[in-house]
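Engineer: I need the structure of the sequence given here:
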Amino acid sequence: MIEIREGRCDFCGVCVAVCPADCIELYEAKIVIDKEACTDCLNCVHVCPFEALTFQEDMV
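Structural biologist: Below is the predicted model:
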């Protein structure tokens with residue numbers, strides 16, 4: 001599961017551009033990931049220049 005590190009995102013939109021599932025949306029001061037649509041491809045994690053996105057394994 002992709003987690004957002006609050007305060008690190010500068011809303012550059014790079015993550016949105018590389019997301020094949022089109023599940024990331026940017027608003028004026030907020031980033032939202034549709035966790036049901038996310039395929040955990042990690043493209044967004046790898047391209048984020050601010051390390052605002054991280055991968056967290058489910059502990060279920």
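
Engineer: quick check: mean pLDDT of stretch 24-37?
Structural biologist: Mean pLDDT, stretch 24-37: 93.

Engineer: what's the end-to-end length of that stretch?
Structural biologist: By Cα to Cα, to the nearest Å, the extent of stretch 24-37 from end to end equals 9 Å.

Engineer: okay, and for the protein, where does confidence drop off?
Structural biologist: Counting by pLDDT under 70, the chain shows low-confidence ranges at 58-60.

Engineer: for this structure, which segments count as strands?
Structural biologist: Counting by DSSP state E, the chain has strands at residues 2-4, 24-27, 30-33, 53-55.

Engineer: in JSON lines, list the ones you listed along with mean neighbour count and distance to residue 17.
Structural biologist: Yep, even glycine has a C-beta here, placed from its N, CA and C like the rest. As requested, the strands of the chain are exported to JSON lines (neighbours: other Cβ atoms under 10 Å; distance: least, Cβ to Cβ, whole Å):
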{"stretch": "strand 2-4", "mean neighbour count": "17", "distance to residue 17": "15"}
{"stretch": "strand 24-27", "mean neighbour count": "14", "distance to residue 17": "9"}
{"stretch": "strand 30-33", "mean neighbour count": "15", "distance to residue 17": "13"}
{"stretch": "strand 53-55", "mean neighbour count": "16", "distance to residue 17": "13"}
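
Engineer: looking at the ones you listed, which is closest to residue 46?
Structural biologist: With Cβ to Cβ as the criterion, residue 46 lies closest to strand 53-55 of the strands of the chain, at 9.0 Å.

Engineer: each with direction, which strands does that closest one pair with?
Structural biologist: Strand 53-55 pairs in its sheet with strand 2-4 (antiparallel), by DSSP bridges.

Engineer: picking that back up, and the strands of the chain as CSV, adding distance to residue 45?
Structural biologist: Converted to CSV, these look like this (distance: least, Cβ to Cβ, whole Å):
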stretch, distance to residue 45
strand 2-4, 7
strand 24-27, 11
strand 30-33, 11
strand 53-55, 5
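
Engineer: which among the ones you listed is found nearest to residue 16?
Structural biologist: It's strand 24-27; of the strands of the chain, that one is closest to residue 16 (Cβ to Cβ) at 4.9 Å.
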